[in-house]
Structures are given as structure tokens and as C-alpha cells.
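Student: show me how the following folds:
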Amino acid sequence: MEGLFKFFQFTGFANFTIGHLVMITVGLIFIYLAIAKDYEPLLLVPIGFGILIGNIPFVQNAGLQLGIYEEGSVMNYLYFGVLKGIYPPLIFLGIGAMTDFSTLLSNPKLILLGAAAQIGIFITFTGALALGFTPEQAASIGIIGGADGPTAIFLSSKLAPELVGAIAISAYSYMALVPVIQPPIMRLLTTPEERVIKMKPPRAVSKLEKIMFPIIGLLLTTFITPSALPLLGMLFFGNVLKESGVTKRLADTAKGSLIDIVTILIGLTVGASTQATTFLRPQSILIFGLGAFSFMIATAGGVLFTKLMNVFLSEGNKINPLIGNAGVSAVPDSARVSHVIGQQYDKTNHLLMHAMGPNVAGVIGSAVAAGILMSFLLKVF
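Tutor: Numbering: from 1, shown residues only. Purely as a prediction, here's the structure:
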């Protein structure tokens with residue numbers, strides 16, 4: 001009987017809490033949204049299953065080395081890539097290898113929309129400070145507005161590692177919910193006439209322009225914000241692999257098997273970091289709320305700035321404000337939302353290619369914003 005009692009003490013049933021039930025339910029919801037609603041399944045399935053793994057109850061501090069926060073456990077070793085910011089640059093390498101900057105190059109003013117959408121980051125940074133977060137924590141929370149999970153993980157791993165789990169889950173959740181959150185804001189801030197604006201077809205971009213852009217982009221952005229070098233360096237390197245035409249195998253690996261492997265690892269470990277005994281606290285709920293606020297402000301900022309630009313543009317050169325939402329860096333989902341909403345008002349209006357311009361600009365913009373915040377807040381002296 002003593003042996004049976006000891007065995008029972010080590011089971012999940014003996015260590016189960018309401019917190020574990022809450023987090024397991026969240027994990028199941030993530031998996032449901034991924035499979036039933038097709039909301040970013042490549043992200044939500046690994047994260048959702050990671051939440052289940054991270055919330056299997058076990059005896060704490062018994063030397064079992066099971067939990068993600070227990071030194072020496074397998075999950076702890078895998079989580080090292082999140083805590084030390086190893087996975088995000090590898091994700092950016094894959095993004096660069098699959099990104100076509102042609103639309104942005106054909107209409108360079110679209111890069112302003114990617115910059116305008118970053119306003120959500122800095123407004124939320126101010127709000128988080130007002131709510132009592134430290135400057136480092138506030139910056140890490142604000143970056144959620146960029147809708148860029150890897151950048152959010154990278155910045156928080158440097159400035160506020162204690163919040164990595166909550167920030168990563170929040171960022172990836174809002175990335176997956178782009179089709180739900182953005183459309184109401186886009187409709188609210190645009191008029192029926194603006195929604196049917198037709199833009200000129202993008203011009204043809206030469207191979208030389210495509211090759212020179214990542215090189216010039218790297219030098220320009222990283223000279224301004226060297227702190228963003230791990231992200232932007234890998235992004236532009238991946239794009240050179242794609243556009244050079246002589247490294248197809250490397251580009252295929254970067255945008256295929258490599259990014260898939262890293263996505264699995266980052267999704268699973270980020271999900272597992274939501275261990276109820278460590279993760280479930282009021283601060284995490286507040287971060288979720290601030291993340292939603294940041295994302296909505298970023299969406300509104302892109303749309304409103306497009307309307308402002310149109311004041312100064314001549315007829316025939318105006319930009320459809322529905323692509324302003326794509327200034328956040330949820331590639332390509334926010335660009336797809338621009339296209340879908342535009343099609344609801346004019347079946348002949350194809351906005352996808354136009355929206356990809358601010359969308360890829362948003363990837364660069366969020367990394368630059370992270371570099372700026374890191375330069376101000378990272379304690380190096």
C-alpha cells in the first residue's frame with residue numbers, strides 16, 4: 001500500500017490543479033482553431049500541443065527533469081534556443097529566402113506604410129510603462145504590435161526573459177487571429193469609395209534591383225540599428241540566396257526544411273513554457289490585453305497613414321487604404337486579408353500583390369523597431 005501511495009503521488013492526478021485545467025483547455029482551443037478554422041495551423045498546432053506537454057502535472061523538484069524550467073531536462077535544452085534568441089534569426093533566414101521584394105521595389109513609397117504600422121509598438125510601450133512595467137518589459141510587450149513572433153521572442157529574450165512565454169504566446173496568437181481582428185478595424189476606418197480604389201499594376205523589377213536591394217537594405221538598416229543585425233542580417237542573407245539564382249539549393253533548404261524544423265521547435269517550446277505553476281498569473285493576462293491593444297493600434301496606424309498619403313497623391317496614383325493593415329509583419333496573412341476585404345467590394349480589384357509591399361516592409365520595420373528599443377534599453381555599460 002505504501003508503494004501504491006507513493007506511485008499515486010507521482011501521477012498527474014495527484015498534482016493536478018485548476019491552473020493546469022485552464023491551460024490544457026487553452027491548448028485544445030489552439031489546436032481546434034488550427035484544424036477546424038485553418039488559423040495559422042503551422043503555428044497553432046505546435047504551440048497548442050506544446051501547451052498540453054507543458055501542463056501535464058508532475059512532482060516539482062523531485063529530480064525527474066521533466067519540466068521546461070527544470071535544468072537538465074530535454075525541454076529545457078530545446079527552450080535554450082528561445083531564451084538565447086537562437087531560433088528567431090533562423091526563422092528570418094527562411095522568411096528572407098521566400099520573400100519577393102518586387103512589389104516594394106516597384107512602388108517604394110509603400111515602405112512608409114510598413115513604418116507607420118509600427119506606431120502600435122511605441123504607443124503600447126508608453127501604456128505599459130504607465131501600468132507599472134519596467135522599460136525593458138514595456139518594450140518587449142509593445143513589440144507584439146508588429147505581429148512578428150520571432151522578433152517578439154528575440155527582443156524579450158534580451159530585455160525581459162522572464163516574460164518570454166507570455167509575450168511569445170500573445171504574439172503568435174494575434175498573428176493567427178489576423179483574419180478576425182483586422183477586418184472590423186479596416187471597415188471602420190475606410191469609406192465605400194476608398195475601398196474600391198484601383199492601383200496601378202506594379203512595374204517589372206530587374207534582377208539587378210532584386211540583388212542590390214538586400215545588400216543596400218542590410219547596410220542601411222544595420223548601420224542605423226546594429227542591434228537588429230541578427231534578424232536583418234539573416235533576412236537579407238536569405239533573400240540574396242533566393243535572388244542570386246546560383247544558390248537555389250541553399251535557398252530551398254532555408255525556406256523549406258530549415259524553417260519547418262525551427263518552427264516546430266519554437267512552437268513546441270513556447271507552448272510548453274506556459275506551465276501553469278509558472279505562467280498563469282495576472283501579469284500574463286495583462287500582457288495579452290496590451291498585446292491586443294498594440295496590434296489593433298498598429299493596424300489602424302497603417303490604414304490611417306494610407307489615407308493621409310492619399311491627400312498628397314494625384315488621381316490615378318492613390319493607394320487603396322485597405323492595404324494599410326498589411327504594414328504589420330504577419331506575412332502573408334495580413335496581405336491576404338487586404339485582398340479578401342477588397343474583393344468583397346469589387347471582384348475585379350486585386351490587392352494581394354500591392355499589399356505584399358507594406359507587408360514585407362513591416363517585417364523590416366518591426367526588426368528595426370526592436371533594434372531601436374534594444375539600443376535604448378539594453379544595459380551594456
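Student: and stretch 26-41, how far out from the chain middle?
Tutor: 17 Å (Cα atoms, centre = their mean, to the nearest Å).
Student: in this protein, where is pLDDT below threshold?
Tutor: Low-confidence segments of the chain, defined by pLDDT under 70: 61-63, 379-381.
Student: show me the residue at the heart of it, geometrically.
Tutor: Central residue of the chain (Cα atoms, centre = their mean): D148, 1.8 Å from the mean position.
Student: residues contacting it?
Tutor: A171, M175, V328, S329, A330, G362, V363, S366, A367 (Cβ atoms under 8 Å, 6 or more residues apart in numbering). All C-beta atoms are positioned from the backbone trio N, CA, C, and that covers glycine.
Student: pipe those residues into TSV and attach secondary structure per row.
Tutor: Formatted as TSV, the contacts of D148 follow (DSSP: H, G, I helix; E, B strand; the rest coil):
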residue	secondary structure
A171	helix
M175	helix
V328	coil
S329	coil
A330	coil
G362	helix
V363	helix
S366	helix
A367	helix
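Student: TSV please, covering these and showing neighbour count and distance to N320.
Tutor: Shown next, in TSV, are those (neighbours: other Cβ atoms under 10 Å; distance: Cβ to Cβ, whole Å):
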residue	neighbour count	distance to N320
A171	29	27
M175	25	23
V328	35	17
S329	28	20
A330	30	19
G362	32	17
V363	26	21
S366	31	22
A367	32	26
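Student: V270 in helix, strand or coil?
Tutor: Classification of V270 using three-state DSSP returns helix.
Student: I'd like the distance between the residue lying closest to it once chain neighbours are set aside and S284.
Tutor: Excluding the flanking residues, the one nearest V270 by Cβ to Cβ, 6 or more residues apart in numbering is A168, at 4.3 Å. As judged by Cβ to Cβ, to the nearest Å, A168 and S284 stand 11 Å apart.
Student: of those two, who's got more company?
Tutor: A direct count of neighbours by other Cβ atoms under 10 Å for A168 and S284 places A168 higher, at 26 against 17.
Student: dump the residue contacts of that one.
Tutor: A168 makes contact with V82, G149, A152, I153, S156, V270, S273, according to Cβ under 8 Å, 6+ apart.
Student: out of those residues, which comes closest to I181?
Tutor: The closest of the contacts of A168 to I181 turns out to be G149 (Cβ to Cβ; 15.2 Å).
Student: pretty sure that closest one contacts S173?
Tutor: No. Here G149 does not reach S173: they are 9.3 Å apart, not a contact under Cβ atoms under 8 Å.
Student: more crowded one of those two?
Tutor: G149 (31 against 23).
Student: quick one: buried residues of whatever helix or strand Y77 lives in?
Tutor: Following DSSP states H and E, the helix or strand that holds Y77 is helix 74-83. By 16 or more other Cβ atoms under 10 Å, the buried positions in helix 74-83 come out as M75, N76, L78, Y79, G81, V82, L83.
Student: looking at the residues you listed, which is nearest K248?
Tutor: When the buried residues of helix 74-83 are ranked by distance to K248 (Cβ to Cβ), G81 comes first, at 27.2 Å.
Student: quick check: chain neighbours aside, which residue is closest to that closest one?
Tutor: Nearest non-adjacent residue to G81, counting by Cβ to Cβ, 6+ apart: Y87, 4.4 Å away.
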